[in-house]
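Visitor: return atomic coordinates for the entry below.
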Amino acid sequence: MTGKKLTANTLKLTAIAAMVADHVAVGFLPVYSLWYIILRTVGKITMPVMSYFIAEGYFHTHDLKKYMMRLLTFAALSHFPYVMFFSEELHSPVTTSIMLPLLLGLCALWLYDKKPLGKWRSYALILVCFLLSAPCDWSCMPVFFVLLFGMYRDTPKMLFMRYSIVCAVFGIFSVIQDITNVYMGGLFLAIPLLAMYSGEKGRGGKILKWGFYLFYPMHLIILYIIKLMLL
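Guide: Just a heads-up that it's a prediction; the model follows:
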């Protein structure tokens, strides 16, 4: 595609780097510091990029059940590292990592696309996916974004327009709640990155395919150990 130069693996590596920056800020920097705001702003790239590729994965996978089981497995593996690292920030014992909302987003997209139980029952189950994701990291936003990216996959202008509206509304409410949430503006940084997606997978093969999943719980464990050493 002319002018579109970023492969899927390049975008995923960018999302991983942004995620690490975000988690370093959460774990080690004062909340009101400039670097905290900067790193957290950059970190907001991660969730929409991950959601985008969950939707892409739905349309490209050869075995949806295996795809869902893979996400479920890593949602389980990521739970305790997530809870340990974010223990000071969590306000609910049922909170878990973004891996579960991403799985629920994949389920919601399948229900929307295939409507296996008929239109209204499938829509009711989509609502259940939203409700189940509510106490998780990012709440129901990943479910919403996976659906959005899947529904408007073939109309990018419409997609980014709706994405921008959602981000603007979400950002305004977040800042009203707490002025330090100004870093939510970083959600808009995902737009130019995704707009440059070439549609190609890129180099890396199975090593990167599994590496993306393994890195999430592993980096939380490493950061948690560093956090303990600095206490």
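
Visitor: could you check how far residue 192 is from residue 14?
Guide: For residue 192, the distance to residue 14 equals 11 Å [CB to CB, to the nearest Å]. (C-beta placed from N, C-alpha, C; glycine too.)

Visitor: look at the two and report which has more neighbours.
Guide: Between residue 192 and residue 14, counted using other CB atoms under 10 Å, the more crowded position is residue 14 (18 against 10).

Visitor: which residues touch the more buried one?
Guide: Counting by CB atoms under 8 Å, 6 or more residues apart in numbering, residue 14 touches 6, 45, 49, 193.

Visitor: go on, residue 217?
Guide: With CB under 8 Å, 6+ apart, residue 217 has these contacts: 74, 77-78, 81-82.

Visitor: so what's the backbone phi/psi at residue 197?
Guide: Dihedral angles phi and psi of residue 197 (degrees, to the nearest 10) take the values phi -60, psi 130.

Visitor: excluding chain neighbours, give the residue nearest to residue 99 in space.
Guide: Spatially, and ignoring its direct neighbours in sequence, residue 99 is nearest to residue 75 (3.8 Å; CB to CB, 6 or more residues apart in numbering).

Visitor: same thing with residue 114?
Guide: Nearest residue to residue 114, sequence neighbours excluded (CB to CB, 6+ apart): residue 122, at 7.7 Å.

Visitor: residues of the lowest-mean-pLDDT helix or strand in the chain that come out buried?
Guide: Within the chain, no helix or strand scores below helix 205-230, which has a mean of 89 by mean pLDDT, DSSP states H and E. For helix 205-230, a neighbour-count test (16 or more other CB atoms under 10 Å) marks 208, 212-213, 215-217, 219-220, 223-224 as buried.

Visitor: again with stretch 148-159
Guide: When neighbours are counted by 16+ other CB under 10 Å, the buried residues of stretch 148-159 are found to be 148-152, 159.

Visitor: do stretch 180-195 as well
Guide: Going by neighbour count (16+ other CB under 10 Å), the buried part of stretch 180-195 is 181, 183-191, 193-194.

Visitor: nearest to residue 30 among those residues?
Guide: Nearest to residue 30 among these, counting by CB to CB, is residue 183 at 13.8 Å.

Visitor: any figure for the gap between that closest one and residue 33?
Guide: On the measure of CB to CB, residue 183 and residue 33 end up 12 Å apart.
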